[in-house]
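Asks: I would like to see how this sequence folds:
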Amino acid sequence: MSVSVQTVVLMALAGAAAQVAAFFLNNLKPIREFPGKNHLFLRMTALVTSVPLLVAMLTDADKNDALTVVGQSRVLCWIAVGGVAIGLLYDAGQLVRALRKEKLRDDQALAGAAAVRYAPQTRQDLLAEARRQVRQRLKYAYGEQTLINLAMQPDQAAVEGGEIAGDIFLVPQPKQQIENFKDKRIRLTEPEKSIVETFDDEDIAGQLLILGAPGSGKTTTLLKLAESLLKRAEGSVEIPYIFELSTWQDTQQDIAGWLMAQLKFEHNIDEAVSRQWMADGHLLPLLDGLDEVDSTRQQDCVEKINAFVTGKLGRQVVVCCRARVYDQIVKQGGEKLDSLNGALRLQPLEIEQVNAYFGKMERADILLALQDEEGLGALLQPCGDDDAALLSIPLFLQIVAIAYEPGENITTKSALLDAYIARRLSVVQRKEDRQLAKNKKLKIQWAYEEVTQAPEIEKTKRYLSWLANTLNDNAIPNVFLIEQMQPKWISSSVQRWLYRLIWGLIWGLIVGLIVGLIGGLIVGLIWGLIGGLIVGLIGGLEDIKPVETFDFSFSRFARKKFFNNLIGGLILGLIGGLILGLIGGLIEALKEDFKTRKKPNQGIAASVKNIPMVAAVTYPAALALQFTLQQALTSGEASLISCLVPAIGWALLFSLDSIEAVLKHYLLRIFLYRGGHIPFDYVRFLRYTTERRLTQQVGGSFRFIHRELLDHFDPEKSS
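Replies: Predicted coordinates for the structure are as follows:
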């Protein structure tokens with residue numbers, strides 16, 4: 001057996017041993033919580049894999065010492081050996097420190113959690129993220145303020161369920177009311193009930209439909225319910241989580257499969273885990289936005305929800321929908337959500353509540369203006385298909401409090417939203433907000449240090465209008481991730497062709513340089529540019545897929561990807577093909593999306609970091625591959641030293657996924673910026689719109705504060 005084959009075999013064995021060790025270490029409880037564990041495992045894998053290669057290099061250096069200058073190759077090899085040893089000791093020390101610092105925790109210690117028999121830590125992580133999202137969204141929810149107490153009336157005809165006793169309020173009176181009679185008799189009246197008490201009613205049994213007009217507080221009610229359920233989830237087996245029904249687009253997909261796919265996409269939860277949760281009855285889906293499902297699929301969605309609920313005895317589900325949309329589905333002869341046991345319809349505010357609200361806010365100017373039926377008072381008149389006054393809806397009531405200034409003529413919803421946007425973006429309001437924060441000694445990290453640095457008002461509205469129109473045109477729910485921007489968002493056909501052409505040139509140049517490192521710069525550039533132009537002009541508009549992180553848990557899905565790539569290498573029937581299959585399969589198997597997106601554009605930022613990391617980790621294997629190929633081409637006369645530079649090309653080749661995602665993303669950003677659709681610093685701009693309460697940031701995503709505002713910014717929807 002030649003030295004080259006021995007080296008390759010030893011590297012493969014060392015890499016396999018490192019992967020096995022990483023797999024078992026990753027499943028230790030303290031290691032799961034260790035920050036940077038994936039990068040640590042990748043470093044350890046690279047270091048262990050490089051040991052046989054360094055030994056071979058030392059041997060090669062001794063044999064060819066006469067060809068070097070004063071044994072430089074041997075010195076470099078020993079330096080590398082020392083670096084590997086120090087790296088291994090450091091990483092081993094990090095693991096030992098983690099094992100000592102983190103005590104093993106009993107995931108089943110919580111009361112009632114003994115029944116959670118599958119992935120308890122994953123459950124805790126999901127609950128923590130759900131609490132964070134609910135807390136952030138309630139912070140921005142206009143219907144959240146306790147000054148406006150939402151009332152709900154039972155509407156059992158909507159689901160043909162049983163009766164709901166008592167009056168239901170978002171903030172119910174804590175005690176029963178006592179009535180005194182002249183003969184000193186007393187009577188206990190029926191107590192007011194909260195949404196969670198209604199949910200727990202034995203006749204409802206956690207199967208509830210919430211209906212209401214746009215802006216009436218449906219999502220706020222759902223968030224308050226989720227908040228209560230999440231509080232008690234600490235001592236139960238429930239896993240309440242809000243899902244956006246607008247992402248259900250395949251009419252052939254059942255709700256169970258869709259829920260598993262959403263948990264996989266949003267939190268990288270293995271489908272086997274979420275399937276077990278549903279089988280055990282632990283997952284409690286709170287489904288928001290049935291009305292945001294495409295109108296051609298709404299009836300199918302109702303049928304799928306009914307099948308999902310009736311498919312398992314006692315399954316708990318809550319659904320939110322605009323009342324007018326749901327009534328239209330039923331009116332057209334569609335199914336009701338008759339698998340649910342109860343329905344609540346949010347009630348419009350009474351005129352007394354409207355006056356009391358502005359009275360508590362000491363807005364005498366608004367109370368006076370409401371008396372003018374030709375002015376602001378027009379908003380107290382019934383309007384629209386729901387036959388409710390605009391100011392009887394909590395969202396618009398609070399928008400009036402912010403937007404109205406004496407003398408303004410606001411008589412329609414569109415005029416009200418325009419006034420709100422103008423007020424939030426005005427220089428005067430921005431200066432007042434900064435002064436108020438300064439007076440209260442609040443430390444706020446403003447998106448723009450100076451008021452004058454923010455984009456002009458018209459530009460801001462144009463940027464938000466483009467975003468709203470793009471989300472609606474691509475059937476994307478009111479949740480926007482910057483890293484999910486795609487080339488198909490370029491609307492102009494000329495711009496699309498130009499994007500393809502430039503991308504082809506860039507891609508050809510990158511591939512040419514990489515191939516040039518391996519087999520010759522001139523040849524590589526020529527063939528790279530030709531190939532790049534062909535790829536760019538034929539395709540070029542494929543979705544951008546960031547390489548976000550790596551996972552050493554080696555799930556069933558990851559193993560399948562690995563063996564598929566390995567089989568592809570075996571089919572080639574060459575040693576080089578096998579090595580490529582092993583390395584490519586391993587990289588593909590380890591690639592994962594983030595479980596939690598805490599920062600805007602986190603996926604692209606991670607892809608940038610992963611380029612040098614993947615190249616460094618795969619370099620030892622790339623060196624072995626290049627050495628093997630040179631041995632075959634030179635009849636066994638290749639030198640490892642001569643393979644050092646070409647191996648860089650192979651290592652970069654294994655990083656191409658990350659390189660492609662990063663370059664395509666920023667090229668797209670340049671095109672959209674030059675087209676006047678987005679500002680140069682998009683993250684900064686979106687944080688600014690959150691400050692102005694036009695959008696809200698939840699982790700790494702942004703959303704308009706309400707669907708009504710999103711549709712108002714979309715010219716096609718608002719026209």
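
Asks: The helix or strand that Ala621 is a member of - what's its average pLDDT?
Replies: Remark: Ala621 resides in helix 602-633, with elements defined by DSSP states H and E. For helix 602-633, mean pLDDT is 77.

Asks: How about stretch 316-333?
Replies: 92.

Asks: Then stretch 206-222?
Replies: 90.

Asks: Ends of that stretch, what's the gap?
Replies: Counting by C-alpha to C-alpha, to the nearest Å, you get 13 Å between the two ends of stretch 206-222.

Asks: still on that earlier bit, right, and the helix or strand after the helix holding Ala621?
Replies: helix 644-653.

Asks: Tell me what angle that next one forms with helix 602-633.
Replies: Calculated by axes from the mean of the first three to the mean of the last three C-alpha atoms, to 10 degrees, helix 644-653 forms an angle of 140 degrees with helix 602-633.

Asks: For the helix or strand just after helix 644-653, buried residues please.
Replies: Using DSSP H and E, the helix or strand that follows helix 644-653 in sequence is helix 656-674. Under the neighbour-count criterion of 16 or more other C-beta atoms under 10 Å, helix 656-674 has 656-665, 667-669, 671-672 buried. Any C-beta I mention is one placed from the backbone N, CA and C, and that applies to glycine too.

Asks: So what does the closest residue to Arg232 other than its chain neighbours have for phi and psi?
Replies: Excluding the flanking residues, the one nearest Arg232 by C-beta to C-beta, 6 or more residues apart in numbering is Glu238, at 7.4 Å. Dihedral angles of Glu238 (phi, psi; degrees, to the nearest 10) stand at phi -70, psi 150.

Asks: Kindly report the same for Thr411.
Replies: The phi/psi pair for Thr411 (degrees, to the nearest 10) is phi -130, psi -10.

Asks: Next, the contact list for it, please.
Replies: Taking C-beta atoms under 8 Å, 6 or more residues apart in numbering, we find Thr411 in contact with Glu374, Gly375, Leu376, Ala378, Leu379.

Asks: Between these, which sits nearest Gln631?
Replies: For the contacts of Thr411, the residue nearest Gln631 by C-beta to C-beta is Leu379; the value is 82.3 Å.

Asks: And that closest one, its phi and psi?
Replies: The phi/psi pair for Leu379 (degrees, to the nearest 10) reads phi -70, psi -10.

Asks: Which residues are in contact with it?
Replies: Leu379 touches Leu370, Ala389, Leu390, Leu391, Phe396, Val400, Ile410, Thr411, Leu416, counting by C-beta under 8 Å, 6+ apart.

Asks: Return the distance of it relative to Ile482.
Replies: 36 Å (C-beta to C-beta, to the nearest Å).

Asks: if we can go back for a sec, want to try JSON lines for the contacts of Leu379, with pLDDT and secondary structure as columns?
Replies: Listed next are the contacts of Leu379 as JSON lines, based on pLDDT from 0 to 100; DSSP: H, G, I helix; E, B strand; the rest coil:
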{"residue": "Leu370", "pLDDT": "91", "secondary structure": "coil"}
{"residue": "Ala389", "pLDDT": "87", "secondary structure": "strand"}
{"residue": "Leu390", "pLDDT": "89", "secondary structure": "helix"}
{"residue": "Leu391", "pLDDT": "89", "secondary structure": "helix"}
{"residue": "Phe396", "pLDDT": "90", "secondary structure": "helix"}
{"residue": "Val400", "pLDDT": "92", "secondary structure": "helix"}
{"residue": "Ile410", "pLDDT": "91", "secondary structure": "coil"}
{"residue": "Thr411", "pLDDT": "91", "secondary structure": "coil"}
{"residue": "Leu416", "pLDDT": "94", "secondary structure": "helix"}
